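Asks: dropping the sequence and predicted coords here.
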Amino acid sequence: MRQKQDKPRLQRLVANAPVSKDTAAANSLTRVCSPRTARERTTTPRVPLYDVFGPLRIMKRGLRPPELCDTMSRVCAIFGGSRGIGHAVAQLLAQKGYCLAIIARNLDRAQTTAKNLGAGHLAFRCDVSKEEDIQNVFKEMETSLGQINYLVNAAGINRDGLLLRTKADDMLSQLQTNLLGTMLTCKAAVKGMIQQQGGAIVNVGSIVGLKGNSGQSVYSASKAGLVGFSRSLAKEIARKNIRVNMVAPGFIHTDMTTHLKEEQLKKIIPLGRFGEPQEVAKAVAFLLESPYVTGQVLVIDGGSAQ
Ligand SMILES: NC(=O)c1ccc[n+]([C@@H]2O[C@H](COP(=O)([O-])OP(=O)(O)OC[C@H]3O[C@@H](n4cnc5c(N)ncnc54)[C@H](OP(=O)(O)O)[C@@H]3O)[C@@H](O)[C@H]2O)c1
């Protein structure tokens, strides 16, 4: 079934591809394609991000090739895609055939993630708290992958502590990363989405942005700000066929929660456990792919918000 669906795409790629002398074996297909240099861009066509002849040879031998990302239609930028929730979203979307840009500050980590997702996915470095970084990374992504029509904002940090002990620098870094960073990536993505007359965005908030939590006043403010931002932006660009939604996770097993006392905290969760990143990823994919849902906040917290 998969082979049938891929055939026209492979034929298209073959038609556009330069003649390759590379006889890479099946396992060498999975490689990270770093953004091409200006020289490469002028000397080779855009489309082939990997050896298109490899999959054909593998299919001829009756083996199943790695998932091929669908560069022609579904390109998704995942900020914070290298670890945790963003990583789980990347794994799920890669399985669904999206072509992904994995973006984080640590490029090595992002590259490892992109490589493990399969052929055609790319890694980029960007600090979302810096506007210049965001403008640059969108240029790089559009050059390497084409227009971005799906955006997931999962980059986030926390600096938990009582307000009286929180330094202004820590307040700023949380607001700049969690709130301003998301606003800026949305702004950059929406420009391209308007040109394409469609797109979908999912911002990752938090349950504490809805109900508050002692020791997280600044983090909560950054996430509460995202609710107003996402709902307003949804109304602003709905006519352009661009949807904006949010997920609001509770406690999820990631690097961000490793220091927490899980045994105590899970007693207040009706489902009696922390969530898994893959469980949030399912909600993100649902919102990305639900054509009549916009301006919503989907809570994924094991029932503790009630
Ligand atoms: N885990 C939870 O329980 C939970 C609950 C509610 C909401 N959330 C939210 O879910 C999102 C993901 O959290 P997580 O638990 O998956 O955290 P995580 O495991 O710490 O991953 C955070 C991701 O964001 C990236 N990142 C952080 N700061 C960045 C910056 N300035 N620029 C670009 N990328 C940056 C990290 O990569 P680099 O470090 O390489 O940049 C990493 O890929 C966050 O917005 C968080 O607030 C998490």
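Replies: Perfect, I can see it now. Numbers count the residues shown, from 1 in each chain.
Asks: just give me the neighbour total for Val204.
Replies: 27 (other Cβ atoms under 10 Å). (C-beta placed from N, C-alpha, C; glycine too.)
Asks: apart from its neighbours in sequence, what residue is nearest it?
Replies: For Val204, the nearest residue in space outside its immediate sequence neighbours is Ala154; the separation is 4.6 Å by Cβ to Cβ, 6 or more residues apart in numbering.
Asks: what mean pLDDT does the strand or helix carrying Ile85 get?
Replies: When elements are defined using DSSP states H and E, Ile85 is found to belong to helix 84-95. Averaging pLDDT along helix 84-95 yields 98.
Asks: mind listing what the helix or strand just after it pairs with, with the direction of each?
Replies: Once the chain leaves helix 84-95, the next helix or strand it forms, by DSSP H and E, is strand 99-104. Partner strands and pairing direction for strand 99-104 (DSSP bridges) are strand 75-79 (parallel), strand 122-125 (parallel).
Asks: quick one on the thing from earlier: surely the residue nearest to Val204 touches Cys76?
Replies: No. The pair Ala154 and Cys76 fails to qualify as a contact (Cβ atoms under 8 Å) at a distance of 11.4 Å.
Asks: neighbour count winner among the two?
Replies: Neighbours were tallied for Ala154 and for Cys76 using other Cβ under 10 Å; the higher tally belongs to Ala154 (30 against 27).
Asks: now the more buried one: how far from the ligand?
Replies: Shown here: Ala154 relative to the ligand, a distance of 5 Å by Cβ to the nearest ligand atom, to the nearest Å.
Asks: please see if stretch 227-240 touches the ligand.
Replies: No. Taking Cβ under 6 Å from any ligand atom as the criterion, stretch 227-240 and the ligand are apart, separated by no less than 12.5 Å.
Asks: okay, buried residues for that stretch please.
Replies: Neighbour-count burial for stretch 227-240, with 16 or more other Cβ atoms under 10 Å as criterion, is recorded at 227, 229-231, 233-234, 237.
Asks: kindly report the residues of the chain close to the ligand.
Replies: By the criterion of Cβ under 6 Å from any ligand atom, the positions of the chain lying close to the ligand are 79-80, 82-86, 104-106, 109, 126-129, 154-157, 177-178, 204, 206, 249, 251-252, 254-257.
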